[in-house]
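J.: turn this into a model:
(2 chains)
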Protein chains: 2
Amino acid sequence: MIRLYVDADLSRGNAEVRLTREQAHYLANVMRLKPGDELAVFNGRDGQAAAIVRDARAGVLETRAPATGFVACPDLWLVVALVKRGPLETIVEKATELGVRRILLTTTRRTNAERTNLDRQRKIAIEAAEQTGRMDAPELAGPERLDRLLDDWEPSRRLMFCDEAGDDPAAQWGGPGGRADPAWSGLAAEQAGGPWAVLIGPEGGFDPAERERLRGFAFVTPVTLGPRILRADTAAIAALTLWQAVLGDWRA
Amino acid sequence: MIRLYVDADLSRGNAEVRLTREQAHYLANVMRLKPGDELAVFNGRDGQAAAIVRDARAGVLETRAPATGFVACPDLWLVVALVKRGPLETIVEKATELGVRRILLTTTRRTNAERTNLDRQRKIAIEAAEQTGRMDAPELAGPERLDRLLDDWEPSRRLMFCDEAGDDPAAQWGGPGGRADPAWSGLAAEQAGGPWAVLIGPEGGFDPAERERLRGFAFVTPVTLGPRILRADTAAIAALTLWQAVLGDWRA
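T.: Predicted structure coming up:
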């Protein structure tokens, strides 16, 4: 079943939905849908609705019933340093699958890239949202300098700081199974259900001054991701997985 | 520091190491190393040794001291259904970063691809091993039919079965934090330190008959990876992350 993210009121049935030109092209020329064919639409607030094609080429649909079943993703942001285009696109796609509500691009002292095509990243996020079955698409913002971002940080949002150069044993991840583990236990106890963000640095890691500043904030929980060096995209997926398993909607 | 995986005895110092033609090309023409320049070599059994370049173009090095510091990755296999080339290469690279000892390719009833270039996958694994800092490179094998693989399965190796179509609430992942969760607790208690494998299916998931057979084995622990549909590469990275955090070398 084709599933499209649309910018339309879906709270009523029999409502006309107008697609973007790209979506119309996809329906008419790639999927070759005909009038009367069925698909699903969602808009990030009302849930999902069944719709039928009126005119694929013109991008006109009609919903059959009001949208239902809206479920929000957890209030989790991914704050990620700009990396090369390939890994960045992987990160945006996978963070969407892993249920992140907002992706905030940042530049750090060791960031090489300074800009990205945010519209292209938004398209990748929307396509991933369509395929992963979520009811919304993550917001994309930035890039903003890490220092400035921390200056303005709202401290009620906790920050899981993935510190590749982490040398603090107390910050190591660990499972249950009888072993005491401060970081894991801390993540489990602290504000499950409250707002969080996961911070992933550039390939070269954080600068010592950045690490020191980050570790000084009460809202920061430093963690390390095992004994091997991870690329930025691997680290982002691993960190979001752990967050979802311990604090998010992967819990039973 | 350049780090190369080599097929040479590294147990003695001042040993001559002969590189492959590709490695020699990389040192001489890409990195432009000169005689006397330093790098590191490892061979999957002796640990890592410092070496100096004798002749980059001819691919001749000499170790300075016996290799030390060998650490084995946990006895974890990834059994993964063949998927398209891009995601498969992502899986091989990331599984190497995540410390898998063996990657076994398999074909299932819903697998479309039937073959892959195993030599190319081996190269990807070796490059990832060089960059992630591990002391070995994962073995690559297959593809083998899932049914046949299960016929011959050694039951002392437990199998974490990532069931995308999982509808069994008892198989859902969950964190600690006070909630009872059979699957998570099961994974934590069962045979930490013993041999394991993680099984990832094709994009279309497993066939009902495959799922039923898998769930019937005592060595199988079924888990689901959250409420959203994950692509095969995302599922592989997420599952390996959870295994490492609960049972592997990401524990404190």
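J.: can you give me the strands for the stretch 101-250 of chain A?
T.: A:102-107, A:139-145, A:158-162, A:196-200, A:220-223 (DSSP state E, counting those that start in this stretch).
J.: so what strands line up beside the last one?
T.: Yep, that's strand A:220-223 we're talking about. strand A:158-162 (parallel) (DSSP bridges).
J.: and the partner strand, which residues are buried?
T.: Across strand A:158-162, burial judged by 16 or more other Cβ atoms under 10 Å in any protein chain shown covers A:158, A:159, A:160, A:161, A:162. Quick note: C-beta positions are derived from backbone N, CA and C, even for glycine.
J.: what would these look like in CSV with pLDDT?
T.: CSV is the format used below for those (pLDDT from 0 to 100):
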residue, pLDDT
A:158, 93
A:159, 94
A:160, 93
A:161, 91
A:162, 87
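J.: which among these gets closest to chain B?
T.: residue A:162 (12.0 Å; Cβ to the nearest Cβ).
J.: skipping its backbone neighbours, what lies nearest the closest one in space?
T.: residue A:239 (4.9 Å; Cβ to Cβ, 6 or more residues apart in numbering or on different chains).
J.: for the one you found, give me its contacts.
T.: Applying Cβ atoms under 8 Å, 6 or more residues apart in numbering or on different chains, one finds that residue A:239 lies in contact with A:160, A:162, A:198, A:200, A:223, A:225.
J.: isn't residue A:202 right next to residue A:112, touching?
T.: Yes. Between residue A:202 and residue A:112 there is a contact at 7.2 Å, judged by Cβ atoms under 8 Å.
J.: neighbour count winner among these two?
T.: Between residue A:202 and residue A:112, residue A:202 has the larger neighbour count (other Cβ atoms under 10 Å in any protein chain shown), namely 23 against 12.
J.: please tell me how far that one sits from residue A:109.
T.: 9 Å (Cβ to Cβ, to the nearest Å).
J.: kindly report the same for residue A:216.
T.: When distance is defined by Cβ to Cβ, residue A:216 is 16 Å away from residue A:109.
J.: look at the two and report which has more neighbours.
T.: residue A:109 (16 against 8).
J.: could you find the closest non-adjacent residue to the more buried one?
T.: Using Cβ to Cβ, 6+ apart, the closest residue to residue A:109 is residue A:207 (4.1 Å).
J.: for the one you found, give me phi and psi.
T.: In terms of degrees, to the nearest 10, the main-chain angles of residue A:207 are phi -70, psi 150.
J.: residue A:229 too?
T.: The phi/psi pair for residue A:229 (degrees, to the nearest 10) is phi -80, psi 130.
J.: and it, how many neighbours?
T.: Neighbour tally, residue A:229, other Cβ under 10 Å: 17.
J.: wait, it sits on residue B:130?
T.: No. With contact taken as Cβ under 8 Å, residue A:229 and residue B:130 are classed as non-touching, separated by 10.5 Å.
J.: least confident of the strands of the stretch 101-250 of chain A, on average?
T.: Of all the strands of the stretch 101-250 of chain A, mean pLDDT reaches its minimum on strand A:220-223 (a mean of 87).
J.: distance check, residue A:150 against residue A:206.
T.: On the measure of Cβ to Cβ, residue A:150 and residue A:206 end up 12 Å apart.
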